[in-house]
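Asks: My questions concern the predicted model and sequence given below.
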2 protein chains.
Amino acid sequence: MSDLLQRLRDRGWRLTAQRRVVAEVLDGEHVHYTADEVHARATEKLPEISRATVYNTLGELVSIGEVIEVSTDGRAKRYDPNAHHSHQHLVCSRCGVIRDVRPSGDPLALLPEGERYGFTLDEATVTYRGLCPSCASA
Amino acid sequence: MSDLLQRLRDRGWRLTAQRRVVAEVLDGEHVHYTADEVHARATEKLPEISRATVYNTLGELVSIGEVIEVSTDGRAKRYDPNAHHSHQHLVCSRCGVIRDVRPSGDPLALLPEGERYGFTLDEATVTYRGLCPSCASA
DNA sequence: TCCTACATTGGACAATGTCTAAGTCAAGAA
DNA sequence: TTCTTGACTTAGACATTGTCCAATGTAGGA
C-alpha cells in the first residue's frame, strides 16, 4: 500500500489524511466496495471525512488507473484496487459476492471479424455469474 | 411483434394500451433504450402513459424473459428485446452506440476450473468496447 | 513560519428507480 | 350487451446514487 502512496506522491498528489484513509480502505484482495461502503469504512478511521471527498478521490484513482470501476448489477458502482493485473469478475447471483478471476486466453479473440461492425476493439469485460458455494448449499 | 403480444396474452396478461405501446417501442434490431427513452417514445403514441407504468412493464417483460436488461455504463439500465437469441454487446466508448454481437464459442469455457472458487456457473456476459467507425474517423 | 494553490466540506441539486393509495378498465360472466 | 371485479395505471412522494459549488482548511514549497 505504501507502493500506492508512493505512486500518488510521484504524481504530485497532496497526501492528505482523507486520501490516505481511502487508499487504506481499498487495500486487499477481492475488494469491491461501493462508494458509500468506502465512505462508511473511511469514516471509522477519520470521522469527519465527507462523502464528496470519497467520490472525488475514487474518481481520481480511477482516472489515473490505480483503481477500476466495476458495475456488476446496474446499482452502485464498485471500486476494485486490483488494477495492475488484468482480470474479470465472478459474481454470485444470490448474495452478490465478487471474485477476481483470470480467464485463459483473450476474450477479445472470440469476436469474429464479421461481428465487429467496423469497430476498433479495445477491450472485453466479462462477468461470470453463478452461485457461490455457500449459496449453492443453502 | 404480434408474436410478443400473443405470448403475453398466453401468459394471462391484460393487454392494455400502455403495454401495447411499450411493446411497440421495443420492436426492432439493436434496440437498447433506457427506461426514460422508452417512456419518451411511448409518450409520443400515448401521451398519458406514466413513468411508473413504463418501469412496471419493463420489469415484467424482463422477469418473464422477453426482454434483457443491459447495463453497459453504470448509468441507466437499457432494455434489449433481442432475448431469444443469445448474444453479447459491442459498445462505442465515445458515442455509446450498442450492437448485438455473437462471439464464436462459449465465453464460459474460458474460465479454468481453478478459477471458479467452487461456484456453479450459469452464464457469462461480455461487453466489448472500442470505437465505432464514425467515432474512429472523427 | 508564511503563502497559496489545491483539497475538503456540507448541502443543494440531478438522475434513476421504487412504492403507495386512489382511480380506471379489460375481459370474462350473465 | 352490460355488469363486475381484480388487475392495471396514475401522480407524486420517496429512496439511492452521484455531481456540483461556494466557503473554508491545509500540505508542502519558499
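Replies: Received, thanks. Everything numeric in this text was worked out from a predicted model, so none of it was measured.
Asks: who in chain A is up against DNA strand C?
Replies: For chain A, the contact set with DNA strand C under CB under 7 Å from any atom of the strand comprises A:13-14, A:16, A:18-19, A:46, A:48-53, A:56-57, A:74. (Glycine included, C-beta is placed from N, CA and C.)
Asks: got the residue ranges for the strands in chain A?
Replies: For chain A, applying DSSP state E gives strands covering A:33-34, A:68-70, A:78-80, A:88-92, A:98-101, A:120-131.
Asks: Quick check: which ranges of chain A have low pLDDT?
Replies: A:1-2 (pLDDT under 70).
Asks: what ranges do the helices span in it?
Replies: All helices of chain A, identified by DSSP state H, fall at A:2-10, A:17-25, A:35-45, A:51-63, A:133-136.
Asks: For chain A, identify the residue most remote from the centre.
Replies: What lies farthest from the middle of chain A is residue A:114; by CA atoms, centre = their mean that is 32.2 Å.
Asks: Chain B versus that residue, what's the distance?
Replies: In this view, residue A:114 and chain B are 10 Å apart by CB to the nearest CB, to the nearest Å.
Asks: just to revisit the earlier point, distance to residue A:110 added to the strands of chain A, as JSON lines?
Replies: Below are the strands of chain A laid out as JSON lines (distance: least, CB to CB, whole Å):
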{"stretch": "strand A:33-34", "distance to residue A:110": "30"}
{"stretch": "strand A:68-70", "distance to residue A:110": "21"}
{"stretch": "strand A:78-80", "distance to residue A:110": "23"}
{"stretch": "strand A:88-92", "distance to residue A:110": "13"}
{"stretch": "strand A:98-101", "distance to residue A:110": "16"}
{"stretch": "strand A:120-131", "distance to residue A:110": "8"}
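Asks: To DNA strand D, which of those lies closest?
Replies: Ranking those by proximity to DNA strand D (CB to the nearest atom of the strand) places strand A:33-34 first, at 5.5 Å.
Asks: quick check, the closest one touching DNA strand D?
Replies: Yes. For strand A:33-34, a contact with DNA strand D is found by CB under 7 Å from any atom of the strand, at residue A:34.
Asks: Can you give the distance of that strand from its chain's centre?
Replies: Relative to the chain's own centre, strand A:33-34 is displaced by 8 Å; criterion: CA atoms, centre = their mean, to the nearest Å.
Asks: That strand vs chain B: in contact?
Replies: No. Residues of strand A:33-34 contacting chain B under CB under 8 Å from any CB of the partner chain: none, with a closest distance of 11.2 Å.
Asks: Show me what that strand is packed up against.
Replies: Contact partners of strand A:33-34 among helices and strands, from 3 or more CB pairs under 8 Å, 6 or more residues apart in numbering or on different chains; DSSP states H and E: strand A:78-80.
Asks: let's go with 10 Å and repeat that
Replies: helix A:35-45, strand A:78-80 (3 or more CB pairs under 10 Å, 6 or more residues apart in numbering or on different chains; DSSP states H and E).
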